[in-house]
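Visitor: Coordinates only, no sequence provided:
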């Protein structure tokens, strides 16, 4: 009798143990960012914090450098629940919620401090419900930074844009602005950048300053124009289908994935300045930072492009744009 009782208790303990193990889940996290970048380092830190908070209940498997596909492919797979998490650009996020592209409106912010205030205090309440309705849970936004123009010839003024074929991200804020400013904007996916530049399909690449310098675009087009026109902000999103299968404790642990956005922000900005200096000193790149009258001429095309952006998205953009403008005003606009 005693032996049967011990056996029964042991079997019960084993059942509890295996039941707990069965609840542990493995999540697939995809990003275009290489591991050895500020984004890669940030994602790995948040992965560790999430796994620790879940007490082993969640394991996150990282897929860097577009291993699971380009951003349009990945974000669609996240909506379907075939990929669980994505760290992605504004461009990818706006494929699901077009209004998200309003955050990249040209010259929306007067400086980084204002942008930081808007994103820290206003963005999540505006966009979380929109993304959730489309099958995504917004864990956090993420800093990408200001883009730069990598060009074969110097671009220091608006006049230099005439007849210039500029590769831009395939999202409305970018072609609308560069066409308005006098360039010929050609929307292309990131994988097409180098071939397009080498074949002459484009004369310049407009893309993330840090990413462009990290992969060496300045070695192909050694004139770098750092113009604070579009402040690029991406998002860390999770599949709603995966989210709804999780326990409350697991969901709470997942929110660790969205913490320390300021740490990433600082890392991006520090890395940017280091890479710009290195590009000049080591690789002979020429870096231009338009200011004064030249900057004002670039900025003068922003208002028309903003108006065109809202119109191009349609009526649904109007109330969202009003909320964004109110947030900008609340942050000193």
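Guide: Alright, I've got the coordinates. Everything quoted here is computed from the prediction, not taken from an experiment. Numbering: from 1, shown residues only.
Visitor: Might you report the residue contacts of residue 164?
Guide: Residues in contact with residue 164 (Cβ atoms under 8 Å, 6 or more residues apart in numbering) are 151, 153, 155, 183, 184, 203, 204. Yep, even glycine has a C-beta here, placed from its N, CA and C like the rest.
Visitor: number of nearby residues for residue 284?
Guide: 10 (other Cβ atoms under 10 Å).
Visitor: That one in helix, strand or coil?
Guide: Under the three-state scheme (DSSP: H, G, I helix; E, B strand; the rest coil), residue 284 adopts coil.
Visitor: per-residue confidence at residue 297?
Guide: Here the pLDDT value assigned to residue 297 is 98.
Visitor: Which positions in the helix or strand encompassing it come out as buried?
Guide: Residue 297 belongs to helix 292-299 when assigned by DSSP states H and E. Buried positions in helix 292-299, judged by neighbour count with 16 or more other Cβ atoms under 10 Å: 294, 295, 298, 299.
Visitor: Can you name the element that comes right after it?
Guide: Remark: after helix 292-299, the chain's next helix or strand is helix 302-313, criterion DSSP H and E.
Visitor: Any buried residues in that next one, and which?
Guide: 302, 305, 306, 308, 309, 310, 313.
Visitor: re the thing from before, which residues touch the helix holding residue 297?
Guide: For helix 292-299, contacts defined as Cβ under 8 Å, 6+ apart pick out 107, 156, 157, 158, 181, 227, 229, 290.
Visitor: List the neighbouring strands of the helix or strand harbouring residue 233 plus their orientation.
Guide: If you go by DSSP H and E, residue 233 is part of strand 232-239. Sheet pairing of strand 232-239 (DSSP bridges) gives strand 85-88 (antiparallel), strand 136-145 (antiparallel).
Visitor: picking that back up, what about the contacts of helix 292-299, which one has the most neighbours?
Guide: Busiest of the contacts of helix 292-299 [other Cβ under 10 Å] is residue 229, holding 28 neighbours.
Visitor: Quick check: chain neighbours aside, which residue is closest to it?
Guide: Distances taken as Cβ to Cβ, 6 or more residues apart in numbering put residue 106 closest to residue 229, at 5.0 Å, once the chain neighbours are dropped.
Visitor: ok, that neighbour touching residue 300?
Guide: No - shown here, residue 106 and residue 300 do not form a contact pair, counting by Cβ atoms under 8 Å, at 10.7 Å.
Visitor: Could you pull up phi and psi at residue 280?
Guide: Backbone torsions for residue 280, taken as degrees, to the nearest 10, come to phi -70, psi -50.
Visitor: can you tell me which residues contact it?
Guide: Contacts of residue 280 (Cβ under 8 Å, 6+ apart): 286, 287.
Visitor: Next one: it from residue 208, what distance?
Guide: Residue 280 is 18 Å from residue 208, where distance means Cβ to Cβ, to the nearest Å.
Visitor: ditto for residue 85
Guide: Residue 85 is 21 Å from residue 208, by Cβ to Cβ.
Visitor: If you count surrounding residues, which of the two has more?
Guide: Between residue 85 and residue 208, residue 85 has the larger neighbour count (other Cβ under 10 Å), namely 30 against 24.
Visitor: hmm, back to that, assign a three-state SS to the residue nearest to residue 229, would you?
Guide: coil.
Visitor: In contact with it, which residues?
Guide: Residue 106 neighbours (Cβ under 8 Å, 6+ apart): 173, 176, 177, 229, 230, 301, 302, 305, 306.
Visitor: run the last query once more with 6 Å
Guide: Contacts of residue 106 were listed using Cβ atoms under 6 Å, 6 or more residues apart in numbering, and they are 177, 229, 230, 302, 305.
Visitor: Likewise for residue 210?
Guide: 145, 268, 271, 272.
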